[in-house]
Structures are given as structure tokens and as C-alpha cells.
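A.B. asks: Provided below are the primary sequence and the corresponding predicted coordinates.
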Amino acid sequence: MTNRSRRHWKKKYLAIFFDFLIKNFTLIFFSLFLLTFALIIFLIFRDKSPEESILSALSSSPVFSHAAVPNVEKISPNEPVALEAATRVALPSSIFGTFFDTFSGVGFVDLTKTTLYQDSVAHAIIFSPDYSWQPLETEMIESDQTFLKNIRFNKFEETASDERCLNNKCLEQAGNDLYYNNKSLARPKELKNLDVVAVSIGALEKRFLVGFTIKEGENYRGEVFTYDGSRFKALSPTEPFVSPYFGVFGFGGEENDFLVIYGAYKGIAYRFQGKNITDISHFFDIRVMNQGFKAEVVKTKKGNNTNWYVFSSTLKRPWFIKLWQNRTEEIVGEAIFKDLFASNEESAGFMIKEVSESEVVFLANVKRDSQDYWYSFIDRGFKNNEPGAVFLGPISHGLEPIPITFETLKLAYLDLDFTSRELIKFLFSTDGNEWQELALDKQMDFATPTIKQFYLQVTFPATADKFYSPFLDSVLFDYYYKK
């Protein structure tokens with residue numbers, strides 16, 4: 001065959017080859033995709049048992065990830081679940097099971113035995129708060145009345161007005177405009193040509209705080225600045241304030257330790273301690289935010305106990321929240337005092353009156369039917385002088401319980417503040433009477449007789465510190481069993 005003939009057949013074969021590629025491109029591409037996917041699955045699961053492989057696959061799905069993995073954000077509403085880890089792939093002898101409860105509802109909580117308090121808004125188990133909320137028996141002094149009456153309340157999505165003063169120098173907000181000592185104050189240059197839809201102000205000890213809500217397409221972005229009377233300085237959280245929901249900023253605390261809360265349908269919140277910035281948004285989720293409000297924050301400290309109190313200055317949405325630190329540097333728990341207010345109350349403003357080792361005293365002005373009513377709120381910490389417990393059960397698989405035998409405890413996990421982890425006990429029972437303590441975060445041999453249901457219990461020890469309470473966010477119980 002001549003060189004010319006070879007070139008002719010070479011071109012012909014190449015033409016046939018490329019024609020085949022073009023006509024079958026979709027089939028070839030899809031085949032390569034399946035091979036690649038199969039290789040990835042093999043690499044992920046090659047060192048796992050079939051049960052663990054199934055659980056890993058389920059954990060990546062939005063339906064099951066919150067039922068099987070600790071340290072995840074709670075979804076509301078999220079009832080407790082008792083799951084068998086999917087359909088078993090033939091054989092190994094043990095089946096994986098899990099129980100997970102975030103306390104968003106009563107669910108498996110045995111109310112007849114439980115002595116701890118379930119906060120239905122915060123989704124947590126704590127010692128019962130020890131407080132009183134009563135009308136004042138004596139007339140409030142004039143200066144306290146004046147302070148409380150000067151708290152500005154505004155409707156949530158309407159033009160707001162406010163004024164804050166430090167050493168007789170005042171920052172005023174009139175709608176979305178600012179004034180300092182009665183002179184117009186230009187916005188920070190960073191906001192030039194932006195669509196500012198809400199402004200809010202607050203005051204620390206030496207500086208003012210100013211929050212701007214900006215409309216950007218379908219979302220809202222927040223910018224917060226300090227103002228010292230001469231210039232604005234931007235605050236930079238670890239993540240920007242971006243939300244699909246309209247919100248108004250609220251503030252409060254000390255000069256070098258304060259909270260910034262974007263009060264929207266779902267809140268965003270940060271704690272600023274000098275250069276240390278902590279995201280505490282998980283304390284301000286949808287249920288806690290009560291449809292959205294402007295937060296006013298008060299910090300109290302006595303001895304080793306630091307508490308934060310947050311109330312709403314939004315009309316028609318009175319609200320009162322407590323955060324605490326359990327003698328640590330971090331905020332670890334919250335309680336929502338949702339039963340303080342009646343449905344016809346227009347607003348409730350608070351001022352700190354006294355802080356002692358045994359109690360924190362607030363005075364409050366509640367406006368109801370356009371009339372002022374005066375109250376005292378006294379926080380005495382928690383009813384923790386005796387041990388408390390939450391009982392869960394009976395727990396079983398499915399609507400018709402099946403007989404099972406436990407073989408191994410894979411993981412017993414309690415989502416607790418760090419200081420409480422060494423004090424709290426997690427217990428297991430097959431009958432609700434005899435209890436066995438579980439080792440947290442460890443796998444252990446765990447044989448039981450054949451049972452159709454089981455019970456769990458978490459106990460809090462008594463403590464002498466009235467302002468201490470563990471904050472139990474969720475429980476997880478993973479195990480292997482046989483039918």
C-alpha cells in the first residue's frame with residue numbers, strides 16, 4: 001500500500017471515529033460519570049462496615065443528618081426520632097440503631113417523672129428558673145419612672161426614632177437620619193449610594209453603636225459602626241450580617257464586652273470582646289426571635305457569675321431573655337421568660353436596679369391599653385438545691401415494637417456546655433426502674449436481654465451556686481443490636 005493510500009485510510013478511520021464520538025457523546029459522558037461516582041463511593045466506604053456505610057450516606061442527606069450526627073444546628077420543629085439505619089444490606093450480625101432528641105417538643109419526655117425544666121422556646125433542658133414578676137407594692141421613685149418612660153419603642157418595619165446620650169452629648173435617630181448634638185450627621189462613607197432601609201442606635205460607656213440595614217436584591221445586609229463623637233469605625237464580625245429577612249440591630253453590654261444582635265425573623269448575633277468575636281447566633285433562632293424585634297441588652301456581673309438580659313423595644317412584641325455563663329468566659333445557656341406578658345400588652349421596658357450575690361433586680365414599665373403599669377422582676381438564678389432529672393421513654397422501633405437485643409453502645413452523647421460535662425450522668429434502663437450509667441463519647445460492650453423498648457435518663461446534680469445550670473441541648477444514643 002502506498003503512502004497516499006495509507007493517508008487516505010487514516011483520514012477515513014479518523015472521520016469514522018470522530019463521527020462515532022459526536023453521535024454517542026451523551027452515552028460516553030454518562031458512562032464516565034458513573035465510573036467516577038463508583039470510584040468515589042468505593043474510596044469513601046472501603047474501610048467501613050455496611051452499617052456505617054449506610055449511615056454515612058444517610059448523614060449526607062438533609063433528611064437524616066440531624067438524626068445521626070452530634071453538634072449540628074437544630075431544625076425547628078424537630079421531633080425526637082428513633083431510627084433503624086435504613087434497610088440492612090445482607091448480613092452482618094449487628095444492626096445499627098440511633099435515638100436523637102433536640103427537645104423541641106414533648107416527644108419522648110416523660111412529664112410524670114421529669115423534675116427538670118424544658119424550655120420549649122430555647123429547645124433545652126435546664127434547672128427551673130427561680131424568679132418573681134410582681135406589680136410594685138410601693139410607688140416607684142420619679143427618676144426611675146423617667147428612665148423607663150424614656151425608653152423608645154417603635155414598630156418593627158416602620159420609621160423609628162431614638163436618642164442615646166453619653167455625658168450630655170446625644171446621638172439622635174429620626175427615621176433613617178442621624179443627628180449629633182442637634183446637628184445633622186452624615187452616614188459613614190462606606191454606605192454611599194446604598195439602599196439603607198433601617199437605622200438603629202445604642203450606647204456603651206464611652207461610644208455609641210449604630211446599625212444600618214441595607215437592601216441588596218432579595219436579601220438584607222447589615223453594617224455596624226461605633227461612633228465616638230468624631231468618627232465612625234466599622235465593626236467586622238467573623239461573617240457578614242446577611243439575611244433573607246428584614247431586621248433591626250440591637251446592642252448592649254460593656255465598653256469592651258458587648259452584644260450586637262440583628263433582630264430578624266431568624267436572628268444573627270455576635271459578642272465583641274476587644275479583638276475576640278464570637279458568633280452566638282444559635283441563641284437567637286426563629287422561635288427565640290418572636291417574629292423579629294429590636295434588642296436591648298443589659299449585662300450584669302457579680303463575683304464569678306455573669307448574666308445577660310435581652311428585652312424587646314419593638315411595639316406589640318414584648319419579650320425577655322436571659323443568657324448565662326456558668327462561671328466561664330463563654331455564654332453557655334439561655335432561658336426565655338415567655339409567660340411574663342399578656343397578649344394585650346403593648347410594650348415592656350426594663351432597667352437594672354440591684355445586683356447582689358443572691359439576686360438581680362429589674363424594674364419594669366409595662367404599657368397595657370395605653371396605661372403604665374410598674375413591675376419588679378427578680379432573678380434568683382435556678383432551683384438547683386436538689387438534683388434534677390429528665391426521663392425519656394419508652395423508646396422503641398416503629399409503631400409496632402419489635403424484640404431486640406443490644407450488643408454494643410457505639411456513642412452516648414450529650415450536647416452540653418463544657419463545664420457541665422463532668423457533672424452530668426446519662427443513664428440507660430430496660431424497664432424504667434433499674435438504671436445503668438453510660439460512658440459519654442465512648443464505645444462500650446453493652447449486652448441486654450431481649451426487649452421491646454428502653455428508657456434513658458439524664459441527671460443534674462445539686463449545686464450551691466444559685467446562678468449555675470447546665471444547658472442540655474440534645475441527646476444522642478447510637479447502638480448495635482440484633483433482632
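C.D. replies: Yep, it's here.

A.B. asks: can you show me the CA trace of the helix or strand where Val288 lies as CSV?
C.D. replies: Val288 is located in helix 286-289, with elements delineated by DSSP states H and E. Extracted C-alpha coordinates of helix 286-289, given in CSV (Å, rounded to 0.1, in the frame of the first residue of the first chain):
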residue,chain,number,x,y,z
ILE,A,286,-36.6,31.5,64.8
ARG,A,287,-38.6,30.6,67.9
VAL,A,288,-36.5,32.8,70.1
MET,A,289,-36.8,35.9,67.8
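
A.B. asks: find me the pLDDT at the most centrally placed residue in the chain, would you?
C.D. replies: Taking Cα atoms, centre = their mean, the centroid of the chain lies closest to His282, which sits 2.1 Å from it. The score at His282 is 96. That number is its pLDDT.

A.B. asks: just Ser65 next, same as before
C.D. replies: pLDDT, Ser65: 31.

A.B. asks: got any ranges where the stretch 51-200 of the chain has weak pLDDT?
C.D. replies: 51-92 (pLDDT under 70).

A.B. asks: now the stretch 201-350 of the chain
C.D. replies: Residue ranges of the stretch 201-350 of the chain with pLDDT under 70: none are present.

A.B. asks: buried residues in the helix or strand that contains Trp133?
C.D. replies: Here Trp133 sits within strand 129-135, counting by DSSP H and E. Judged by neighbour count using 16 or more other Cβ atoms under 10 Å, the buried positions of strand 129-135 are 129-131, 133. For glycine as for every other residue, the C-beta is placed from the backbone atoms N, C-alpha and C.

A.B. asks: same deal with stretch 158-175?
C.D. replies: Those buried within stretch 158-175 under the rule 16+ other Cβ under 10 Å are 160, 162, 164, 171-173.

A.B. asks: try stretch 182-194
C.D. replies: So for stretch 182-194, counting by 16+ other Cβ under 10 Å, buried means 187, 191.

A.B. asks: repeat for stretch 135-154
C.D. replies: 140, 148, 151-154.

A.B. asks: now, among those residues, which is nearest to Lys353?
C.D. replies: Of all the buried residues of stretch 135-154, Met140 has the smallest distance to Lys353: 9.8 Å, by Cβ to Cβ.

A.B. asks: give me the spatial nearest neighbour of the closest one, chain neighbours excluded.
C.D. replies: Using Cβ to Cβ, 6 or more residues apart in numbering and skipping the chain neighbours, the partner closest in space to Met140 is Trp374 (5.0 Å).

A.B. asks: that neighbour bridge partners, please.
C.D. replies: Asn365 (DSSP bridges).

A.B. asks: got a list of what it touches?
C.D. replies: Residues counted as contacts of Trp374 (Cβ atoms under 8 Å, 6 or more residues apart in numbering) are 135-136, 140, 145, 363-366.

A.B. asks: so how far is the helix holding Val288 from its chain's centroid?
C.D. replies: Put simply, helix 286-289 sits 9 Å off its chain's centre (Cα atoms, centre = their mean, to the nearest Å).

A.B. asks: elements contacting that helix?
C.D. replies: The contact analysis (3 or more Cβ pairs under 8 Å, 6 or more residues apart in numbering; DSSP states H and E) places helix 286-289 against no helix or strand.

A.B. asks: show me where the chain has its helices.
C.D. replies: Here the chain has its helices, by DSSP state H, at 3-23, 25-45, 50-59, 65-68, 142-149, 286-289.

A.B. asks: need the contact partners of the fifth one.
C.D. replies: Think helix 142-149. 349-351, 353, 363-365, 372, 374.

A.B. asks: rerun that using 10 Å as the cut-off
C.D. replies: Contacts to helix 142-149, defined as Cβ atoms under 10 Å, 6 or more residues apart in numbering, come from residues 136, 139-141, 348-351, 353, 363-367, 372, 374.

A.B. asks: ok, back up a step: need the buried residues of stretch 135-154 in TSV (columns: distance to Phe225).
C.D. replies: Compiled in TSV, the buried residues of stretch 135-154 are given as follows (distance: Cβ to Cβ, whole Å):
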residue	distance to Phe225
Met140	35
Leu148	28
Ile151	22
Arg152	20
Phe153	24
Asn154	20
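
A.B. asks: now, which of those sits nearest Leu111?
C.D. replies: Phe153 (37.1 Å).

A.B. asks: contact partners for that closest one?
C.D. replies: Here Phe153 is in contact with 160, 162, 294, 312-318, 346-349, 367 (criterion: Cβ under 10 Å, 6+ apart).

A.B. asks: kindly report the same for Phe391.
C.D. replies: The contact partners of Phe391, by Cβ under 10 Å, 6+ apart, come to 108-116, 427, 429, 432, 455-459.

A.B. asks: and it, what pLDDT?
C.D. replies: pLDDT for Phe391: 97.

A.B. asks: what's near enough to touch Lys367?
C.D. replies: By Cβ under 10 Å, 6+ apart, Lys367 lies in contact with 149, 153, 315, 318, 345-349, 373.

A.B. asks: report the buried members of these.
C.D. replies: 153, 315, 318, 345-349.

A.B. asks: now those residues as CSV including distance to Pro470?
C.D. replies: Below are those laid out as CSV (distance: Cβ to Cβ, whole Å):
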residue, distance to Pro470
Phe153, 35
Leu315, 36
Pro318, 28
Glu345, 32
Glu346, 36
Ser347, 33
Ala348, 29
Gly349, 31
